[in-house]
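Peer 1: Quick check, what structure comes out for this input:
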Amino acid sequence: MSVLPRAQPSTVREPAGPGSQPRHGLGTLCALAAGAWLGAAEAPARLVASGYSPFAISFCMVMGVFLARWTLPVTMKGAHFVLRDLRRTPHLIVWAILAGALWAVANTLTIFAIRDVGLSIAFPLWNTNSLIGIFWGWALFHELDGASTAAWIRVVGGATAIVAGSVLLSVLSVHTAAGSQGRALEGIAAALGAGLLWGTMYVPYRKAYLTRINPLSFVTIFTFGEVGTMLLLGALLPGGLPALGHQLRALRPAFLWLLLGGFCWVVGDLFQQYATKYAGISRAIPLSNTNQLWGFAWGVLVFGELSRVPGSTRLLALAASCLMIAGAVLIAGATVSTGESASWSRAARRESDRYALDSSITQHSAAEGDSGDGARRRWWDALIALGAVGVFVAAATRVGVPRVPLNVPFALALTVVLLAVLAACGWTLWKKTRFS
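Peer 2: Numbering: from 1, shown residues only. As a prediction, the model looks like this:
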């Protein structure tokens, strides 16, 4: 039996991998765009203030995520490209489903956290996922092996700032949450639990991009784990699926807004996937966690959170968020040294050997996407896109006005900013990589 020659470290990495300045800069841009869209995605969850079931709200958002995770990849690359990419790396199907399951549970926890402590407080707490992601990147994929002393200082200093900001916000939430102290503590626990699960979710992400699957292909399978987990949780909760169906019927007037929330999340997650691919897990995740600034903006400017607390408390909450953002930026500024790049290459070889992958295929899979041959369209691509549009149109026919305090001018202004970020970063990503 013939054996393929082992790829050398210089060839395992993509031609423009995480260590190269052009791709590292692109990854940074994608992470910032991800922060803006992920921050906006949780705004519809503020509908819990209207008395809807947090689990039903999460389920509706997952439905929006499911539609977007299928529609966007098919629109951008075509189903033929996605299926071909998955055939090259079939082992990642299981990992993508696992990642989707972790995401679904974490997203449900965030809904409870928003209900109990508010969007502006919950956001920074679950963004401790950057610490979990950094730990797994170091422990499992040796991301910081060979890193310079300055890089280690930036990572440790940034992690300390994130923890300090989380502790400060936790203390503030106990005193400012609308509910009882017990409810505030439950909200803190839910937000931190979401951070733990979302940080662990990046383990499958990293395995995926070490073996060079396209982000659009990975997120397509990801969604089966999300929907399956939500159905399982719905069956296990009191009342089972019939009770869930009753709650969903009550949510019909808000269904469109929750679908849009899920759609926004997918846009942000796609940018975050590309950021992880081109900048590495320990740089991309903390930088995309600037979504907490956007979450703070939506919570305070649009929904009027913290409006009834003293001005000093609002300043402390803002200072805590800024402290966590500063920590994330500090971590993101830790450049990738030659030694660390070599460690990443060794990790890629280990993944290829573990799953008996052809290293020549994994090396060039992204480059083949640039040629455009994977973007051939089939007739069923149009049906998938039209089906998703039909669901949104049907939801729009029954939409109602949210029964929560809403500052419309600020909401419109933030929406315009989101669209501008999408246009700028999307065009740059297309121009440089053709979404490969």
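
Peer 1: ok now stretch 418-435, how far from the chain's centre?
Peer 2: On the basis of C-alpha atoms, centre = their mean, to the nearest Å, stretch 418-435 sits 17 Å off its chain's mean C-alpha point.

Peer 1: which stretches of the stretch 101-250 of the chain form helices?
Peer 2: Taking DSSP state H, counting those that start in this stretch as the test, the helices found in the stretch 101-250 of the chain are 119-126, 129-141, 149-176, 181-210, 215-236, 240-250.

Peer 1: Spell out for me which residue occupies the centre of the protein.
Peer 2: Residue closest to the average C-alpha location in the chain (C-alpha atoms, centre = their mean): Asp269, at 3.9 Å.

Peer 1: need the contact list for that one.
Peer 2: Neighbouring residues of Asp269 by C-beta atoms under 8 Å, 6 or more residues apart in numbering: Ala34, Leu38, Val219. Where C-beta positions appear, they are placed from N, C-alpha and C, glycine not excepted.

Peer 1: ok, now Leu72?
Peer 2: Contacts of Leu72 by C-beta under 8 Å, 6+ apart are Leu216, Val266, Val267, Leu270.

Peer 1: Quick check: what element follows the helix or strand harbouring it along the chain?
Peer 2: Using DSSP states H and E, Leu72 maps to helix 54-76. With elements assigned by DSSP H and E, the helix or strand that comes after helix 54-76 is helix 79-88.

Peer 1: related to what we said a few turns ago, now the residue nearest to the centre of the chain: how far from Trp198?
Peer 2: 11 Å (C-beta to C-beta, to the nearest Å).

Peer 1: What score does Ala184 have for pLDDT?
Peer 2: Reported pLDDT at Ala184 in the predicted model: 79.

Peer 1: swap in Leu231?
Peer 2: 89.

Peer 1: ok, now the one 3 residues further on?
Peer 2: Per-residue confidence for Gly234 comes out at a pLDDT of 87.

Peer 1: so what's it closest to, chain neighbours aside?
Peer 2: For Gly234, the nearest residue in space outside its immediate sequence neighbours is Leu244; the separation is 4.2 Å by C-beta to C-beta, 6 or more residues apart in numbering.

Peer 1: of the contacts of Leu72, closest to Ala106?
Peer 2: The closest of the contacts of Leu72 to Ala106 turns out to be Val266 (C-beta to C-beta; 15.1 Å).

Peer 1: Now do the regular element (helix or strand) spanning that closest one against helix 54-76, angle only.
Peer 2: Element membership for Val266, per DSSP H and E: helix 255-279. Angle, helix 255-279 to helix 54-76, by axes from the mean of the first three to the mean of the last three C-alpha atoms, to 10 degrees: 60 degrees.

Peer 1: Next, the angle helix 240-250 makes with helix 255-279.
Peer 2: 110 degrees.

Peer 1: Kindly provide the whole-number mean pLDDT of helix 255-279.
Peer 2: 87.

Peer 1: what do you get for stretch 67-77?
Peer 2: 83.

Peer 1: What of stretch 414-422?
Peer 2: Stretch 414-422 comes out at a mean pLDDT of 94.

Peer 1: And it, what's buried?
Peer 2: Neighbour counts over stretch 414-422 (16 or more other C-beta atoms under 10 Å) mark Leu414, Leu418, Val421, Leu422 as buried.

Peer 1: cool, and stretch 262-275?
Peer 2: Result for stretch 262-275 [16+ other C-beta under 10 Å]: buried residues 262-275.

Peer 1: before we move on, what about stretch 246-264?
Peer 2: Buried residues in stretch 246-264 (16+ other C-beta under 10 Å): 247-248, 251, 253-264.

Peer 1: tell me which of the residues you listed is nearest to Leu192?
Peer 2: Nearest member of the buried residues of stretch 246-264 to Leu192, counting by C-beta to C-beta, is Gly261, at 21.8 Å.

Peer 1: The closest residue to the closest one other than its chain neighbours: what's it in contact with?
Peer 2: In this structure, Gly261 finds its nearest non-sequential neighbour in Pro44, 3.5 Å apart by C-beta to C-beta, 6+ apart. Pro44 sits next to Ile57, Met61, Ala254, Trp257, Leu258, Leu260, Gly261 when contact means C-beta under 8 Å, 6+ apart.

Peer 1: Then Thr128?
Peer 2: Contacts of Thr128 (C-beta under 8 Å, 6+ apart): Ile162, Val163, Ser166, Leu192, Gly195, Leu196, Gly199.

Peer 1: swap the cut-off to 10 Å and go again
Peer 2: 159, 162-163, 165-166, 191-192, 194-196, 198-199, 289, 324 (C-beta atoms under 10 Å, 6 or more residues apart in numbering).

Peer 1: Of those, which is the most crowded?
Peer 2: Asn289 (33 neighbours; other C-beta atoms under 10 Å).

Peer 1: quick one: that residue and Pro124, what's the gap?
Peer 2: For Asn289 relative to Pro124 (C-beta to C-beta), the value is 9 Å.

Peer 1: Mind listing the shared neighbours of these two?
Peer 2: Common neighbours of Asn289 and Pro124 (C-beta under 10 Å, 6+ apart) are Ile162, Gly195, Met324, Ile325.

Peer 1: show me the contacts for the closest residue to Cys30 other than its chain neighbours.
Peer 2: Distances taken as C-beta to C-beta, 6+ apart place Ala275 nearest to Cys30, at 4.0 Å, with adjacent residues excluded. Counting by C-beta under 10 Å, 6+ apart, Ala275 touches 26-35, 215, 281, 283-285, 287-288, 332.

Peer 1: Recalculate using a threshold of 8 Å.
Peer 2: Residues near Ala275 by C-beta under 8 Å, 6+ apart: Gly27, Thr28, Cys30, Ala31, Ala34, Ala284, Leu287, Ser288.
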